[in-house]
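[1] Predicted model and sequence below, questions to follow.
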Amino acid sequence: MPAVSKGDGMRGLAVFISDIRNCKSKEAEIKRINKELANIRSKFKGDKALDGYSKKKYVCKLLFIFLLGHDIDFGHMEAVNLLSSNKYTEKQIGYLFISVLVNSNSELIRLINNAIKNDLSSRNPTFMCLALHCIANVGSREMAEAFASEIPRILVAGDTMDSVKQSAALCLLRLYKTSPDLVLMGEWTSRVVHLLNDQHMGVVTAAISLITCLSQKNPDEFKTCVSLAVSRLSRIVSSASTDLQDYTYYFVPAPWLSCKLLRLLQCYPPPEDGAVKGRLVECLETILNKAQEPPKSKKVQHSNAKNAILFEAISLIIHYDSEPNLLVRACNQLGQFLQHRETNLRYLALESMCTLASSEFSHEAVKTHIETVINALKTERDVSVRQRAADLLYAMCDRSNAKQIVAEMLSYLETADYSIREEMVLKVAILAEKYAVDYSWYVDTILNLIRIAGDYVSEEVWYRVIQIVINRDDVQGYAAKTVFEALQAPACHENMVKVGGYILGEFGNLIAELPFSGPVVTVLFCHLAPCSSTFSQRPRRLSKRCCAVTARSMSWLVHLQQTVHNSDQYYVQTSEVVSPVPQATVLEEMPPFPERESSILAKLKKKKGPGAVSVTELEDGKREGGELNGGGERGPETAAMASCVSQSTPSPSADLLGIRSVAPVGASLSSAGSLLVDVFSEAGPAAPSAAVNDDGFLRYKAVLWLSSCKVSAPPSEDPAPPLSEADELLDKFVCKNNGVLFENQLLQIGIKSEYRQNLGRMYLFYGNKTSVQFASFTTTVSCPGELQPQLNVQSKPVEPLVEGGAQIQQVLNIECITDFSEAPLLNIKFRYGGALQNLTLKLPVTINKFFQPTEMASQDFFQRWKQLSQPQQEAQKIFKASHGMDTEVIKAKLLGLGMALLDNVDPNPENYVCAGVIQTKGQQVGCLLRLEPNAQAQMYRLTLRCSKDLVSRRLCELLAQQF
Amino acid sequence: MQFMLLFSRQGKLRLQKWYVPLSDKEKKKITRELVQTVLARKPKMCSFLEWRDLKIVYKRYASLYFCCATEGQDNELITLEIIHRYVELLDKYFGSVCELDIIFNFEKAYFILDEFLLGGEAQETSKKNVLKAIEQADLLQENEMGLFYALLAAVSTLN
């Protein structure tokens, strides 16, 4: 290298840089810089015209100062002057300054563009390149406007020098990236594609970046590049390591170009032309083969370049996802890398395998490496590698290995880096839910998560476990028992307390057999007390939910206390805890998943009196006009319920404090011992024999309006059902309002609904079970045929995109105009991976949803029974029991039906009689029901008498499917 | 590639090249955070890390860290070799390059980079071709434009 190449005699600059480096402190540096800036400013402003060299030197100093991190607000004009210098180095410094200190002053831009234009038309390749570099470095919109049409011309002109072509290609790419609208496709595009054939490798290397970017946006226009790219790749792959001279890098021929060719091919599907495809597969095989050959050099550059091509080839194989043989070979190759001594290779192998795991051809092959990956998670010293291992475990997880993977991830969490804990927690939570065979495992896993990494368990995760417990009645008892035990630990995470508080509040009754635990009560109190006072200061949404949790567990505690006649000690704590909580929120239901408004509770909250009164008012309100029901007379059942409600509803403080009167001083906590059993079995002071539920606590929850939210259909594994199956799905919901309506591999539809009088509101939850977005998601609710005038269903449109794993909600408002027999239809359409999914279901809106229970005495019942004696008013069916004949199950179903189950009415105690009024917009239809089981024959006789004949028949049909 | 940074073990930025439009404030913030992140990593750790939504590829040469930010799809290993090739170019040009060369001849470091990478993509991967372009420029330095073509001819005979 000649001496002249280093520096060009700008001694002043070197001295200045030395000075700066010798500065002992930041202050000294700033002082020196300010001195220099003042000097330069005076030179620039001075009367004496500066020569080119000085100008260049000062501009270069300014540039240096700027690059040190200081602001520069002058010198631009001098730099622009340098652009028109006829000395190369002056021009070069001018361009460098302009490129680094981009300025938006329009006059300046005009001057710069002018200088660039001159250089572009100078036909001097060195100047042209400088100008093109400047455009590429700045890439502003103004430059695109000025040069976007000129550069393609330079790029494809026959007489353009290779080096200029290279700069022009990448310059155009930059302009296309910043202002795609200004780069117009045209005649030049086809000629650009042919640059792939150029004999100058540098030109191909530069052009391919442009072609790849253009192909991504306009695949059709550039699709001829596929065969060109394949043949170019084939020539490189099959060339000897020295053929390409200076484009061979550590014995690897043209690694950058090879990678770019493979990347370009990933913009397209596999070539349709058999010959081209064959040639490409051959290339890919050669690349895979070369990976097995002994290295030609021990240098890391050799293996890096070789493996760069290999990884890019594997990306292409994964992209095609159509060559099982290549996929498995790729997987085996990556498997070798998993144990390579180079950290970089292990990292990339883990990363690449993640995508392989999602291919059906290689998923199983990836799974065979599970032990290695688990080992990586445990032993890798670099957190970014461990992160990749965790990602891969997540990707390779399926039903067969979920338990192992979740267990490993959980144990890793105990020592995991803080930076990845939150993500790990989410992953574990998702896997646990997705592959839960039994939900007790799911509950255990989430509770473990909270135990191990409570701080990283986000709201979404612990809300979700509650949601699932609420929706799956088979796990509620287990969940209650487990949190009860968890809360006895010496130290509990706040999130554990929240989950525990909620679950015990809801399902504590299910674990009545467990011994009373002082520690659990204490832990709930201790945690909730400080929480409750801070909740009110938090953002509304959060505070609402937290208050609800507080209220939930409080309700449990209050109930415990009330019924066990606990000590003063806890009573005092209760009032301390409760008082900071806004009173209304105590009664508030757990905010829904997602948001749900409970109209009845809203009503309750408005009432000034105790909640119970408003509930009974509501009941009374509904009762009015029910001619058949014996007027507004309140049955004993309702009265009992009301009294129970008024005692156990902790809504306004009056009620809560009212506990004082029913909680005599006495029994201390320790002596309360096993009284929990009594709490739930005795069902509280005012509990009558159960019509709604067995004990006062559940009754209390009924007031909270959640008691009806606990049943769910077992998930159906069937493919999208035809309409015929929709009927079966419909039948599941006759006696319940909530649950999973439909589920297949892609989609889960959950339902929650509530009905008041002749109005209903249904919440549909559409869950995307895949990791891929659903596009064009639309749902249509229709009332076919004669249902049209009978039922009014209004739906709000849903978002057209459902992200992978996401759930969206739709609210339907339903109005019953008159009685009806058909069910409204729900059609769902969406695109999953391009394929249109289309399914139609029946919405479980049945006539019985509009039932109003009616209590009446035996005498009244039979009097009305006789009044409805016209033959068409009665519908009867005798049918074989298709489920067990368990009394409690039958009762629950009849209650779910919506009628009042009347005791002591039928002379035969084995029989069930019910009464209710169907509320439609125009009229009420009184209905009486009698169900006579014959246990010996395993048969039922079901009789319905209604004031409207069609209703009798419809109810009879619906109910006959239920027993 | 979105940007390339060269910084010293002490965290001093020696070269910065941005291929995406960012404000000076953003650039400073990114630089500060990234320098800190990379310097905190131990030797022997892998050369890639996810940072924000970018993939950072870095390598240390003596006292200097070379650090590239690429998009998710970009090939990490080939980016690593981009860094190496740039180091080779500097080395060949300066003759056993050291940090001081880059400090005192920062403009040269930029010129070499521009010949090698443009708009964040490889423009010319041949070491010979890149250096030829730079040498031509150097030979032009002390000469009037009138001598341009004569020198150009001289250079091509030299090669």
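    That came through, no problem. Model, not experiment: these values are computed from the prediction.

[2] And the residue positioned nearest the centre of chain A, how far from chain B?
    Central residue of chain A (C-alpha atoms, centre = their mean): A:Ala806, 4.1 Å from the mean position. Look at A:Ala806 and chain B: by C-beta to the nearest C-beta, to the nearest Å, they are 20 Å apart. Where C-beta positions appear, they are placed from N, C-alpha and C, glycine not excepted.

[3] Return the distance of stretch A:742-759 from the chain's centre.
    Centroid separation for stretch A:742-759 versus its chain: 20 Å, with C-alpha atoms, centre = their mean, to the nearest Å.

[4] what's the first-to-last distance across it?
    24 Å (C-alpha to C-alpha, to the nearest Å).

[5] What is the burial count for A:His133?
    24 (other C-beta atoms under 10 Å in any protein chain shown).

[6] low-confidence ranges in chain B?
    Applying pLDDT under 70 to chain B flags residues B:140-159.

[7] mind redoing it with 90?
    B:21-25, B:42-45, B:50-53, B:71-73, B:95-96, B:132-159 (pLDDT under 90).

[8] which SSE is the most centrally placed residue in it in?
    The centre of chain B sits closest to B:Leu113, judged by C-alpha atoms, centre = their mean, with a distance of 4.9 Å. Assigned by DSSP states H and E, B:Leu113 falls within helix B:106-116.

[9] Could you list the residues in contact with the helix or strand following that helix?
    Using DSSP H and E, the next helix or strand after helix B:106-116 towards the C-terminus is strand B:117-118. Contacts made with strand B:117-118 from outside it, assessed by C-beta atoms under 8 Å, 6 or more residues apart in numbering or on different chains, are listed as A:132-133, A:136, A:166-167, A:170-171, A:174, A:206, B:1, B:4, B:17, B:82, B:86, B:123.

[10] Please flag which of those sit within strands.
    If you go by DSSP state E, these have B:Met4, B:Lys17 in strands.

[11] wait, which of the contacts of strand B:117-118 is closest to A:Leu37?
    Distance to A:Leu37 across those (C-beta to C-beta) is lowest for B:Lys17, with 24.5 Å.

[12] which residues touch the closest one?
    B:Phe3, B:Met4, B:Leu5, B:Tyr110, B:Leu113, B:Leu117.

[13] ok, the fifth one touching B:Leu5?
    Which is B:Leu113. No: contact criterion C-beta atoms under 8 Å: B:Leu113 and B:Leu5 do not qualify, at 11.7 Å.

[14] Mind listing the shared neighbours of these two?
    Common neighbours of B:Leu113 and B:Leu5, using C-beta under 8 Å, 6+ apart, are B:Leu15, B:Lys17.

[15] for the residue nearest to the residue nearest to the centre of chain A when sequence neighbours are not counted, what are its contacts?
    Closest residue in space to A:Ala806, ignoring its immediate chain neighbours: A:Asn768 at 5.4 Å, by C-beta to C-beta, 6 or more residues apart in numbering or on different chains. A:Asn768 sits next to A:Leu746, A:Leu747, A:Phe774, A:Val802, A:Glu803, A:Gly804, A:Gly805, A:Ala806, A:Gln807 when contact means C-beta under 8 Å, 6+ apart.

[16] Can you report how many residues lie near the second one?
    I take that to be A:Leu747. Count around A:Leu747 with other C-beta under 10 Å applied: 21.

[17] pretty sure it is touching A:Tyr766, no?
    Yes: when contacts are counted by C-beta under 8 Å, A:Leu747 is listed as touching A:Tyr766 (6.5 Å).

[18] Residue numbers of the stretch 301-450 of chain A in contact with chain B?
    Residues of the stretch 301-450 of chain A lying near chain B by C-beta under 8 Å from any C-beta of the partner chain: A:301, A:304-305, A:307-308, A:311-312, A:343-344, A:346-348, A:381-382, A:384-385, A:387.

[19] From A:Phe127, how far out is A:Leu316?
    Counting by C-beta to C-beta, to the nearest Å, the separation of A:Leu316 from A:Phe127 is 40 Å.

[20] Kindly apply the preceding question to A:Asn768 instead.
    Taking C-beta to C-beta, one finds A:Asn768 at 57 Å from A:Phe127.

[21] cool, B:Leu90 as well?
    25 Å.

[22] Looking at the two, which one has more neighbours?
    A count of neighbours by other C-beta under 10 Å puts B:Leu90 above the other of B:Leu90 and A:Phe127, at 26 against 22.

[23] got a list of what that one touches?
    B:Leu90 sits in contact with B:Val97, B:Asp101, B:Ile102, B:Ala109, B:Ile112, where contact means C-beta under 8 Å, 6+ apart.

[24] Remind me what the helix or strand hosting A:Ile236 packs against, helices and strands.
    Per DSSP H and E: A:Ile236 is located in helix A:225-237. When contacts are defined as 3 or more C-beta pairs under 8 Å, 6 or more residues apart in numbering or on different chains; DSSP states H and E, helix A:225-237 packs onto helix A:201-217, helix A:255-265, helix A:274-292.

[25] how about 6 Å then?
    helix A:255-265, helix A:274-292 (3 or more C-beta pairs under 6 Å, 6 or more residues apart in numbering or on different chains; DSSP states H and E).

[26] what's the angle between that helix and helix A:274-292?
    On the basis of axes from the mean of the first three to the mean of the last three C-alpha atoms, to 10 degrees, helix A:225-237 is oriented at 40 degrees to helix A:274-292.

[27] starting at the chain centroid, how far to the helix or strand following helix A:225-237?
    As assigned by DSSP H and E, the chain's next helix or strand after helix A:225-237 is strand A:248-249. With C-alpha atoms, centre = their mean as the basis, strand A:248-249 stands 46 Å off its chain's centre.
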